[in-house]
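*Asks:* when you get a sec, could you give me coordinates for this:
(chains A and B)
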Amino acid sequence: MMRYRYFLSLLAGLFVLGLTFLNDAMPLPVLAQEPTPTASSSGSSPHQTGDCLGCHSNPGMLGRFADGKTMSLYYDPQEHEGSDHIDGCRSCHDVQHDYPHENSQAQSCTVCHTQFFDGDFQGEPVFEITAYADERAVVMDINSSCHKCHQEKFQEITDSEHTRVLEQGNRFAPICVDCHGGHHITSPNEPRTKVAEMCSKCHMSVYTTYATSVHGEALSAESNPDVPTCSNCHGSHVVEGPTHIDFRADSIGLCGNCHADMSLMNKYGISTNVFQTYLDDFHGRTVDSSHKAGEVKIAKATCYDCHGVHNIQSHENKLSSVYPANLQKTCQQCHTEVGITFPQAWLSHYSPTWEDAPLLFLVNNFYKFFIPAVMGLFVVYIALDAARRVIDRYKKNPGPSVEASDPQQAGK
Amino acid sequence: MPKPKTEKSPTVIKQNIFYRDAAEAAKRLRVSSIGIRYVIRFSLGQRIEHIALLLSFTVLALTGLAQSYYDSLPGGLILTLLGGIDTSRQVHHVASFFLGIQSLYHIAIFVDGAFVHRRFGKMLPAWRDVTDAVQLMKFNAGLVSRRPIFDRFNFEQKAEYWALVLGIFIMGLTGMMQMFPAQLTLILPAGWVIPVSRTLHFWQAVLMVLAVLTWHFYHTVLKKLNLSIFNGKMTVEQMKEEHPLELAYLEQASAAIENKRWPLEIEIQAENIYDAESITRIENGNADEVVSKNHIEGSVE
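*Replies:* Below is the predicted model of the structure:
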């Protein structure tokens, strides 16, 4: 009995091997192998074992939906190389029904069994897919199996703008595999340019603007590790829409995270004063305090109201909205009828210096000296006065040792 | 024990006064129903002015500093209580409006008194204030044995009053500059006046609040609780201590009115009973020798 089984499995193995050669397919990838059928299983034919690659390694394999559109059912093992996911097919493709996929009659045996194709066969080498309406439906179905391992990510995306769009009925809102890939799953931010390129698949116009901004240029030109890419501001899984109620108020923190970080800014010679000077002035103080008080309607200027959003440029760039010549126009976005000198009412994130703002510098430093001086004088004056009153009161109602504590004698 | 040298003996002032002023002075000296002699120190209008100032100043200080220190616990608390930084800004503006009205009223009262009634307040600074200040500091340091004799307002009160006037002027000006930055920069050739006004407004506010908390509180509450600005009254005993010169003037002016002496030339002799020695002298009924004669500039109320 044992010998018979052994012989059978050997035969089955040879059969598979033979098939692959016959089909001119790639060598079987070890990576994507299903759990190897044990020698004790009843047979080695993919029809019995459910060996996915038995069929899906055929480059010509096509599936056809009811509307006539087709999709490739071919699995390219090379695609999977270097992927972070090296488990078997069924780890992800668990929603597909067991082989032979219940709903897919093998309408075209010749897709695999080309040796039986004798020329009279009328059908096309495709499988009719009836369980899904189109390719997107297949992808979305497979995508749901990510949940098995990555529950927490699904939790994160619940509030995502993308999920909202999806729930509104747009089936092309990005799901896991759209950003992370299907078979070739690698870290989505390596290299960093990958993130922006990925988003650009849908958000092309924003990407073009971003790519020419001071951040985008540094990213694409030098793969700068510090500049923000899409996900740094918008998040990755929790993608908040820019119209989200908190986004505006949170945005100053977004910019501040980097622009108030000395170790980061010193590399580029950018002042970290920008954040504090913003908070010290009218706009920043209002925005920050309103935000901290939990207010949602924030009508005062945030960073991006002046500096731009995706098109942020260095203030030395003539295209920048904060380039000196453009400032009046930028202010006029809110202060509609202000004159040319109005932008000077804002010190451009600089602490006042003698050269830039002499009067302000003077006022600041005068009071910094004057207030302590006046207070010191007051304290000394009051202390002397109070001491004298205490002594005199004691003198009016002298205790037993009035002679010993005569203040006037002591004072002389 | 060697007796400390007496540098200054009682102040003596010879003064011609109008009948009108003497009559008013006589009205200010009163006796309460239980026989306590007191002086009307502030009129009802002045008392109301002070309460209005107290309220508007406090509201302005709290809502203003809360905006500057919004990140601190008390600042955040005030902002939360008022319903956010925008509301507290509005409250600040309303309070500043009231203080502005009040300041204009105060100026109007001054103009009316000075140019219509020809009556100059005793708040105007005089050289005597400098000498008083020097003498008091010397006295406190134990260098002289006698306190200066104060008139209606001493140099401490005058300094505070004029600092407040200047402070409110600065605050009002810089505050209004910040209220209308867009309009102002259309008129003025420079935009940097706005940040200057902000900075000035902030520091001046800090200075004024600190001054009130130290100087004003010490002199009106800590030193000896003085409620005359609220009830308008000050006992003669307290007047002897704090404003002996005014008390002497009031007493002698009212005596002159009673005796129907006219024209009035009164000789004001004032003694500060605060000094232990002078108390003894007064009790013994010994008149002090006249050493110096100080004349107050300007007329008296």
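*Asks:* now residue A:289, what's its secondary structure?
*Replies:* helix (DSSP: H, G, I helix; E, B strand; the rest coil).
*Asks:* so who does it touch?
*Replies:* Residues near residue A:289 by CB atoms under 8 Å, 6 or more residues apart in numbering or on different chains: B:67, B:70-71, B:76, B:79, B:84-85. All C-beta atoms are positioned from the backbone trio N, CA, C, and that covers glycine.
*Asks:* also residue B:96?
*Replies:* Residue B:96 touches B:56, B:60, B:171-172, B:175, counting by CB under 8 Å, 6+ apart.
*Asks:* quick one on the thing from earlier: what about chain A: which of the contacts of residue A:289 touch it?
*Replies:* The residues of the contacts of residue A:289 that also fall near chain A, by CB under 8 Å from any CB of the partner chain, are B:67, B:70-71, B:76, B:79, B:84-85.
*Asks:* in CSV: those, plus pLDDT.
*Replies:* Converted to CSV, the ones next to chain A among the contacts of residue A:289 look like this (pLDDT from 0 to 100):
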residue, pLDDT
B:67, 93
B:70, 91
B:71, 90
B:76, 91
B:79, 91
B:84, 88
B:85, 90
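*Asks:* assign the closest residue to residue A:129 other than its chain neighbours to helix, strand or coil.
*Replies:* Spatial nearest neighbour of residue A:129, excluding adjacent residues (CB to CB, 6 or more residues apart in numbering or on different chains): residue A:63 at 4.5 Å. With three-state DSSP as the basis, residue A:63 sits in strand.
*Asks:* residues near residue A:63, how many?
*Replies:* By other CB atoms under 10 Å in any protein chain shown, the residues close to residue A:63 number 19.
*Asks:* quick one: it from residue A:134, how far?
*Replies:* Remark: distance between residue A:63 and residue A:134 (CB to CB, to the nearest Å) = 10 Å.
*Asks:* what do you get for residue B:37?
*Replies:* The separation that residue B:37 has from residue A:134, given CB to CB, amounts to 105 Å.
*Asks:* now swap in residue A:144 and tell me
*Replies:* Counting by CB to CB - residue A:144 and residue A:134 are separated by 16 Å.
*Asks:* now swap in residue A:345 and tell me
*Replies:* In terms of CB to CB, residue A:345 sits 59 Å off from residue A:134.
*Asks:* the two - which one has more neighbours?
*Replies:* It is residue A:345, of residue A:345 and residue A:134, that has more neighbours when counted by other CB under 10 Å, with 26 against 15.
*Asks:* now the more buried one. Nearest residue, chain neighbours left out?
*Replies:* residue B:194 (3.6 Å).
*Asks:* can you name the next helix or strand after the helix or strand containing the one you found?
*Replies:* Using DSSP states H and E, residue B:194 sits within helix B:193-211. Downstream of helix B:193-211, the next assigned helix or strand under DSSP H and E is helix B:217.
*Asks:* strands of chain B, start to end?
*Replies:* B:11-17, B:29-31, B:37-40, B:233-235, B:264-270 (DSSP state E).
*Asks:* what's the pLDDT at the closest residue to residue B:100 other than its chain neighbours?
*Replies:* Using CB to CB, 6+ apart and skipping residues adjacent in sequence, the residue nearest residue B:100 is residue B:172, 6.1 Å away. Per-residue confidence at residue B:172 stands at 96 (pLDDT).
*Asks:* with residue A:134 instead?
*Replies:* Residue A:134 is given a pLDDT of 84.
*Asks:* what about stretch A:339-353, average pLDDT?
*Replies:* For stretch A:339-353, mean pLDDT rounds to 83.
*Asks:* for chain B, what's the nearest residue on the stretch 151-300 of chain A?
*Replies:* Residue nearest to chain B within the stretch 151-300 of chain A (CB to the nearest CB): residue A:289, separated by 3.9 Å.
*Asks:* regarding the chain, what is its longest helix?
*Replies:* Going with chain A. Ordering each helix of chain A by length in residues (DSSP state H) puts helix A:358-396 first.
*Asks:* that was the other one, I meant chain B.
*Replies:* Chain B, longest helix under DSSP H: helix B:85-111.
*Asks:* that helix: how far from the chain's middle?
*Replies:* Its chain's C-alpha centre and that of helix B:85-111 lie 20 Å apart, by CA atoms, centre = their mean, to the nearest Å.
*Asks:* now swap in stretch B:239-255 and tell me
*Replies:* The chain centre lies 17 Å from the centre of stretch B:239-255; the measure is CA atoms, centre = their mean.
*Asks:* tell me the buried residues in it?
*Replies:* Residues of stretch B:239-255 classed as buried by neighbour count (16 or more other CB atoms under 10 Å in any protein chain shown): B:239-254.
*Asks:* closest one of the residues you listed to chain A?
*Replies:* residue B:241 (10.7 Å).
*Asks:* got the contact list for the closest residue to chain A within the stretch 151-300 of chain B?
*Replies:* As assessed by CB to the nearest CB, chain A sits closest to residue B:191 within the stretch 151-300 of chain B, at 2.7 Å. Going by CB under 8 Å, 6+ apart, residue B:191 touches A:341-346, B:185.
*Asks:* again, but for residue A:232
*Replies:* Counting by CB under 8 Å, 6+ apart, residue A:232 touches residue A:254.
*Asks:* in terms of helices and strands, where is it?
*Replies:* Per DSSP H and E: helix A:230-234 holds residue A:232.
*Asks:* past that helix, which element shows up next along the chain?
*Replies:* Once the chain leaves helix A:230-234, the next helix or strand it forms, by DSSP H and E, is helix A:247-259.
*Asks:* what residues sit buried inside that next one?
*Replies:* Quick answer for helix A:247-259 (16+ other CB under 10 Å): A:247-249, A:251-252, A:254-256, A:258-259.
*Asks:* now, which of these lie close to chain B?
*Replies:* Checking those against chain B (CB under 8 Å from any CB), there are no matches.
*Asks:* now do the strands in chain A.
*Replies:* Here chain A has its strands, by DSSP E, at A:62-64, A:70-72, A:126-128.
*Asks:* can you list the strands that the last one pairs with?
*Replies:* Translated: strand A:126-128. Next to strand A:126-128 in the sheet, as set by DSSP bridges, lie strand A:62-64 (parallel).
*Asks:* now whatever residue of the stretch 201-350 of chain A ends up closest to chain B: how far from residue A:285?
*Replies:* Closest to chain B within the stretch 201-350 of chain A is residue A:344: 2.7 Å, counting by CB to the nearest CB. Remark: distance between residue A:344 and residue A:285 (CB to CB) = 19 Å.
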